[in-house]
Every structure is written in structure tokens, then in C-alpha cells.
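K.L.:
Everything below, folded, please.
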Amino acid sequence: MKKRLLIGAVALVLGGVPASSQSLDDLNIQIHGYATQGFLFTSQNNIFTTSSSDGSPAWTEAVINVGAQPIPKLRIGVQGRYFLLGNFGNAITLDWAAADYKANDKFGVRFGKVKVPSGLFNETQDIDPSYMWSLLPQGNYPITSRNSELADYGGVVYGTIKLGAKAGKLEYRGWGGESVIGANDGYWINFSEEGIAFPNGVSGVSSGAALHWKTPISGLMLGASLNHGNQRSGPLVDTYVVPAGPETGVTITTQGTIVLPAGNTPDYFGRYEKNRFMFAAEYSRSAGNLLLKGLSPVPDQYDIRPWFGMTSYKVTDKLTAGLYVTQDIDSMIALGSSSRYFKDWALSGRYDFNQFVYAKAEQHFIDGTAVGYDTDLNPNGLQPNSKLTVLKIGVSF
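P.N.:
Model (predicted):
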């Protein structure tokens, strides 16, 4: 239904353009994309549902987007993605598809399946060639939830307000629509391994706003965003085998509902670029009670506070080096448990062979098990510390 509405909306916009005035050249069609192949190796623990402790090449991604400009102020575009990471993906999905009308610098609007402009990297996390990191800080931008985090079905208004030479300028964004956490999202991995499935995912209305202040200090941007989600819900199916008693071995299936509470997720971030240096930081918080109706009357409380600080330096025109430190803590989990937190120091490098081919290498030093791990591929239990090596080769056009 959502896809039919999306196609209908784009068709409605294009229907207002006189067909006789259009040709392929007039539409200014552009096609871009990239493909990457990654390799993961961990000293302990298998991560992202891969067999990384043995070395795993099970990380493949290919993205293609097509854009057109039928009239001067209107752009339309669509992006598809093939994604495989361990047991995630192995499917083609729609990243985004939108019509964008920019009246002037002060006001524009886009609608369809639109990118959510929250935080520092959410709008660009789907463009691997645009940044140096193999993995963005996982507490803020988990790779296994990228599809759900990237875009909503709805609309965005945006614009830039000049504040004067001594005050810089202010970029604003406001959005609203339907947010969907897909059935195969990484958020559900430990549920699925317990036999609990969410066949339709979880959906609900969300809205938000963001401000980016381009300060009068050259290269310095400070920003904040607030994402509000109404209560979201979806059906669940719990399947398990009776372990003991007269019905041992019998498969039982029960149905229920998962409920995510209404709540706000604030983000505070900044970036400073000068000559060959870049510095950036971000802090976020998400709290609430997850309830599995029909399975457990006790809500699962969470209070998650991820943050990161990062820097990079362009050593030569082709080589960039950098590092970041990130931490994600769920304060509702008992002290002393490694599942309470995720701390990661990452050293990264990127080399651009030419404008089309690049390579990335990254070394992570991970403390804690709150992010990226599942139980099925770690049957002997999780070790509290691990090192992760990531190698990636990419081609863009």
C-alpha cells in the first residue's frame, strides 16, 4: 500500500509537467551508485551474525540511484540497495524514493520515502564513498538497522536562513510520517533466536526537527535534532518447542503484540573542518519501555545513551587517516554486566586509487557486548573484550 501511494504521489507531481516539453535530455537524468566488499575478523566473539572469528567475507553491498529534473525547481529520485551482512539482508530493498521541490534557499519540500535528517550522519550513512569510516559509530548508527533508521514514509520541509555576516546562517529541517522497523531489522536478532518473530515489523507515526548552525567561525557547524515517535506496535508470533513433560517435543505457537512507547530521541552534534583536519562529536539518548503483550506482563525498560568523538586528517590527496572513540550504555542493565555497555576505539584509514576505486582499513578495540552480537553464533558465551579488523574495497560511479 505504501509503495502504491508513493508511486501515485510522484506520478501526480510529474502529471503537472507538460509532456510535450520533455525529452530525455530535458529531464537531466543522472545515475550514480557504488558497490563494496568487506572482510571482518575478530579476535573473540562473532559479530554482526558473521563467522568473523574465523574471518568472514560475508559483507556485500551495492547501491544505485537514479535522479531526474523535469522542471528547474523539481527533482525526483529513487535509490535501491542490495545488502548482505552475515544472516542479515541478502535482499534488494528501497532506500528512498522522493520528489523534491525547492522554491528558493529559504524553503523546500520533499515527500515520498524520505531520508530522516536527524543527527550528524543519518542523511549520508547510505553513501559509503562519501566518508572514510568502514563502520560508523555503532551506538549511533548501527549497520544492522540502517534500512529502518535511514528513511520514513512522509515529508520533509527544509531551508536556510541567513543571520548576517557576524552570525552565520541557520539550516532548518522538519519532518513527519510513518516510521517502520522492518521484520528483519538487527534490533530483533536476539528475539528471533528465541523464536519470537515480528512478521510485519513495527510501525507508527514519527516527527521531528533539526537545526544546523553554520557559525561565523569558518568550518564550524553546531546542531541539534529531536525525533518524536508516537506509540508503535505490530503483531508478534512466538514459536517454541516444549522441553520437558508429557508434551516434550511439541511445537507451540502463540500470538501477541509488541508495543514500543511514545518518546523523544534528542541528538546534539557538531563538526569542525580546517585545512586537512576534521573533528566531530555527537550525543543521543533514547529511553522507554518495550512490552511484549501476550508473552510477558513486565515491560523491558531501556535507557540508552550513545556518544562519539572523532577526528581525521588528510595525509595526502589520496590517503586519509582518522580515529574515533564511541560508547553506548544502557543504564537500566545491572552494573557489572558486559551487556550494559559497548565501548569502541577505532583506528581508520582510506586510500583513493582514483575517483572511482577506494579501499578502507579499520581496527576496532571493543569493550562490552551491548551492540552487534547475537547468541546463536556465540554458543559458548560472549567474551567481554574483542578486537575487530575490517577491510573494505569499493567502486563508485
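K.L.:
Can you give me the pLDDT of the nearest residue to residue 276 once chain neighbours are set aside?
P.N.:
Computed as C-beta to C-beta, 6 or more residues apart in numbering, the closest residue to residue 276 that is not its neighbour in sequence is residue 314, at 4.0 Å. All C-beta spots, glycine's among them, are computed from the backbone N, C-alpha and C. Listed pLDDT for residue 314 reads 98.
K.L.:
Residue 314 and residue 225, how far apart?
P.N.:
To residue 225, residue 314 is 28 Å away according to C-beta to C-beta, to the nearest Å.
K.L.:
With residue 301 instead?
P.N.:
Residue 301 is 24 Å from residue 225, by C-beta to C-beta.
K.L.:
next one: residue 362
P.N.:
Distance, residue 362 to residue 225, using C-beta to C-beta: 27 Å.
K.L.:
okay, residue 301 and residue 225: which has more neighbours?
P.N.:
Comparing residue 301 with residue 225 by other C-beta atoms under 10 Å, the one with more neighbours is residue 225, at 24 against 14.
K.L.:
Report pLDDT for that one.
P.N.:
Here, the pLDDT recorded for residue 225 equals 98.
K.L.:
Tell me what it is bridged to.
P.N.:
Beta-bridge partners for residue 225, by DSSP bridges, are residue 210, residue 267.
K.L.:
what residues are up against it?
P.N.:
By C-beta atoms under 8 Å, 6 or more residues apart in numbering, the residues touching residue 225 are 117, 118, 119, 173, 208, 209, 210, 211, 266, 267, 269.
K.L.:
What does the third one show for phi and psi?
P.N.:
Okay, so that is residue 119. With angles defined as degrees, to the nearest 10, residue 119 sits at phi 60, psi -170.
K.L.:
Run a quick neighbour tally on it.
P.N.:
Neighbour count for residue 119, taken as other C-beta under 10 Å: 23.
K.L.:
ok, it touching residue 139?
P.N.:
No. Proximity of residue 119 to residue 139 does not meet the contact threshold set by C-beta atoms under 8 Å, at 11.5 Å.
K.L.:
Low-confidence ranges, the stretch 251-397 of the chain, go.
P.N.:
Along the stretch 251-397 of the chain, the model assigns pLDDT under 70 to residues 296-299.
K.L.:
Where do the strands of it begin and end?
P.N.:
Along the stretch 251-397 of the chain, the segments classed as strands by DSSP state E, counting those that start in this stretch run 251-260, 263-274, 277-284, 286-293, 300-314, 319-330, 341-352, 357-367, 385-396.
K.L.:
Contacts for the second one, please.
P.N.:
Strand 263-274 is contacted from outside by 118-120, 218-229, 278-288, using C-beta under 8 Å, 6+ apart.
K.L.:
which SS state does the residue sitting furthest away from the middle of the chain fall under?
P.N.:
Note on the chain: the largest C-alpha distance from the chain mean falls to residue 246, namely 46.5 Å (C-alpha atoms, centre = their mean). When classified by DSSP: H, G, I helix; E, B strand; the rest coil, residue 246 comes out as coil.
K.L.:
what would the contacts of residue 225 look like in a markdown table with distance to residue 65?
P.N.:
Shown next, in a markdown table, are the contacts of residue 225 (distance: C-beta to C-beta, whole Å):
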| residue | distance to residue 65 |
| --- | --- |
| 117 | 17 |
| 118 | 21 |
| 119 | 21 |
| 173 | 20 |
| 208 | 24 |
| 209 | 26 |
| 210 | 22 |
| 211 | 27 |
| 266 | 30 |
| 267 | 25 |
| 269 | 25 |
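K.L.:
Produce a PyMOL select command limited to the buried residues of those residues.
P.N.:
Buried members of the contacts of residue 225, defined by 16 or more other C-beta atoms under 10 Å, are picked up in PyMOL with:
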select buried, resi 117+118+119+173+208+209+210+267+269
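K.L.:
List just the nearest of the contacts of residue 225 to residue 101.
P.N.:
Of all these, residue 101 sits closest to residue 173, with 15.0 Å by C-beta to C-beta.
K.L.:
need the contact list for that closest one.
P.N.:
Taking C-beta under 8 Å, 6+ apart, we find residue 173 in contact with 117, 156, 157, 158, 209, 210, 211, 212, 225.
K.L.:
switch the cut-off to 6 Å
P.N.:
If you count contacts by C-beta atoms under 6 Å, 6 or more residues apart in numbering, residue 173 has them with 117, 158, 210.
K.L.:
With distance to residue 184 added, can I get these in a markdown table?
P.N.:
Output for the contacts of residue 173, formatted as a markdown table (distance: C-beta to C-beta, whole Å):
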| residue | distance to residue 184 |
| --- | --- |
| 117 | 25 |
| 158 | 30 |
| 210 | 28 |
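K.L.:
which one of the residues you listed is nearest residue 237?
P.N.:
Ranked by distance to residue 237 (C-beta to C-beta), the contacts of residue 173 are led by residue 117 at 34.4 Å.
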